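S.K.: here's my sequence, what's the structure:
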Amino acid sequence: MTPTIVTDCIRTLVVEDNRDICENIGDYLDALGHITDYAHDGISAMHLLALTQPFDVIVLDLTLPGMDGLTFCRKFRAEANRNTPILMLTARDTLDDKLIGLDIVRRLCEQNGWAFELRASADLVDASLSWPRQRLQPAE
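M.R.: Numbers count the residues shown, from 1 in each chain. All right, here's what the predicted structure looks like:
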């Protein structure tokens, strides 16, 4: 499948310590006409790029040297004064890892008065786990 070239480019920061994965993501986004910058550890990503340059989206690995992805995410949200979307890229695939990630998103939504709704699928949670569906109301 040949990528379609777009006229409005998206500026993406890829934070991933595996250079092959970075190259793969970058090649795909470049073929779409987007601009991609890279960082291979959390500290460089935070101080050299994310806090000083505007990005339309950040693709973030969770397991990084220097500063892990969850710490990066928390610090970026606290220090950047931007609501840049962050896509988590991870090989972590246990149920506990997924629930921890979802809980972080839920708490972030709650802190900012954003709606949060969880729709469970069979591959995400097993039948023995009861996770409440909820919709948060905006903070007053």
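
S.K.: so which elements touch the helix or strand containing Lys75?
M.R.: Assessed by DSSP states H and E, Lys75 sits inside helix 69-79. Applying 3 or more CB pairs under 8 Å, 6 or more residues apart in numbering; DSSP states H and E, we find helix 69-79 packed against helix 42-44, strand 57-61, strand 86-89, helix 95-112. For the C-beta atoms, the positions are set from N, CA and C on the backbone; glycine is no exception.

S.K.: go through those and name the closest to Glu16.
M.R.: strand 57-61 (4.4 Å; CB to CB).

S.K.: need the pLDDT of the nearest residue to Ala50 once chain neighbours are set aside.
M.R.: Spatial nearest neighbour of Ala50, excluding adjacent residues (CB to CB, 6 or more residues apart in numbering): Phe76 at 5.5 Å. Reading off the confidence values, Phe76 has pLDDT 87.

S.K.: for Phe76, list the residues it contacts.
M.R.: Residues in contact with Phe76 (CB atoms under 8 Å, 6 or more residues apart in numbering) are Met46, Ala50, Leu51, Ile58, Thr84, Ile86.

S.K.: switch to 10 Å and redo it
M.R.: Contacts for Phe76 (CB atoms under 10 Å, 6 or more residues apart in numbering) come out as Val15, Gly42, Ala45, Met46, Ala50, Leu51, Ile58, Leu60, Arg82, Thr84, Ile86.

S.K.: sorry, back to before: ok and the helix holding Lys75 relative to strand 57-61, angle-wise?
M.R.: Here helix 69-79 runs at an angle of 150 degrees relative to strand 57-61 (axes from the mean of the first three to the mean of the last three CA atoms, to 10 degrees).

S.K.: Asp68: which of the contacts of Phe76 is nearest?
M.R.: Gly42 (6.3 Å).
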